[in-house]
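Visitor: take this sequence and fold it.
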Amino acid sequence: KNSLYKKWKKSVTKKNIFGNQAIYIAYKQFRKKLKHIICTAKKHHYTKKFDEAQGNSKKTWQIINEIRGKRKTPIKPSFKIDGELVENRRVIANGFNSFFTSIAVKLNESEEGIPITPLPKFTDYMGPSVTSSMFLSKCDSVEVNNIISELSKGKASDIPICIIKHCASIISPILAPGRNGHSALIPLL
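Guide: Residues are numbered from 1 along each chain as shown. As a prediction, this is how the structure comes out:
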């Protein structure tokens, strides 16, 4: 495949930007066949692997992760602590712990230090309280039904008014906000 591609690339010039078309067609056909053969071989290989791992979920997931390109490579832990290369996991963990626990002490000992300001109260983030509000009493399905019957044509955007009026007895109990005994408190702007 690569040799055909190189032959075709050599035939490309400034005058002939498409190169030798016969070589290019041969390259495309060969590439297509090779791709098909590789795909078929992979499919056969993994089908065989899945058949061997049938009933073993751990092996099955290993094969799935291999197909996805997720392989666990054993990496030996190594870390430099005080200029020394350490491979013991416990020593590495203790090194991390001592580093992160000493940050605050080192910052406090430094000349500049970090100025610590007290946190503001949660009420500082709240807006002014609303003194004027209105209370809406319970609205029942009869009131919603009366409002629907008073709608004039052309006031709705998506659903024709005649359909809403025809279904009023069905939808008014659903639309009534007081159906569960709840009332609404709405702030005035």
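Visitor: in which helix or strand does D51 reside?
Guide: For D51, the enclosing helix or strand under DSSP states H and E is helix 21-52.
Visitor: same check on K165?
Guide: Using DSSP H and E, K165 sits in helix 161-166.
Visitor: show me what the helix or strand just after that helix is packed against.
Guide: Moving toward the C-terminus from helix 161-166, the next helix or strand (DSSP H and E) is helix 168-175. Packing partners of helix 168-175 (3 or more Cβ pairs under 8 Å, 6 or more residues apart in numbering; DSSP states H and E): helix 141-149. No exception for glycine: its C-beta is placed from N, CA and C like everyone else's.
Visitor: show me what the helix it packs on is in contact with.
Guide: Outside helix 141-149, the residues within contact range by Cβ atoms under 8 Å, 6 or more residues apart in numbering are I164, K165, A168, S169, I171, S172, P173, L175, A176, R179.
Visitor: could I get the average pLDDT for it?
Guide: Averaging pLDDT along helix 141-149 yields 87.
Visitor: and the angle for that helix with helix 168-175?
Guide: Relative orientation of helix 141-149 versus helix 168-175 (axes from the mean of the first three to the mean of the last three Cα atoms, to 10 degrees): 120 degrees.
Visitor: list the contacts of whichever helix or strand W8 is part of.
Guide: Taking DSSP H and E as the definition, W8 sits inside helix 2-11. Outside of helix 2-11, the residues within contact range by Cβ under 8 Å, 6+ apart are G19, N20, I23, Y24, A26, Y27, F30.
Visitor: relative to the whole chain's centre, how far out is that helix?
Guide: 43 Å (Cα atoms, centre = their mean, to the nearest Å).
Visitor: for it, list the C-alpha coordinates in CSV.
Guide: Coordinates of each C-alpha in helix 2-11 appear next as CSV, following Å, rounded to 0.1, in the frame of the first residue of the first chain:
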residue,chain,number,x,y,z
ASN,A,2,2.7,2.4,1.0
SER,A,3,4.8,1.7,-2.1
LEU,A,4,1.8,2.4,-4.4
TYR,A,5,1.1,5.6,-2.5
LYS,A,6,4.7,6.7,-2.9
LYS,A,7,4.7,5.9,-6.6
TRP,A,8,1.5,8.0,-7.0
LYS,A,9,2.9,10.9,-4.9
LYS,A,10,6.1,11.0,-7.1
SER,A,11,3.9,11.3,-10.2
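Visitor: so what's the residue nearest the centre of the chain scoring on pLDDT?
Guide: Computing the C-alpha centroid of the chain and ranking residues by Cα atoms, centre = their mean puts R68 first, at 18.9 Å. pLDDT recorded at R68 is 84.
Visitor: swap in P115?
Guide: 68.
Visitor: begin at 38 from here
Guide: Taking 38 as the first residue, the last one we looked at is P152.
Visitor: can you name the next helix or strand after the strand or helix carrying K96?
Guide: Taking DSSP H and E as the criterion, K96 maps to helix 94-105. The helix or strand immediately downstream of helix 94-105 is strand 116-118, counting by DSSP H and E.
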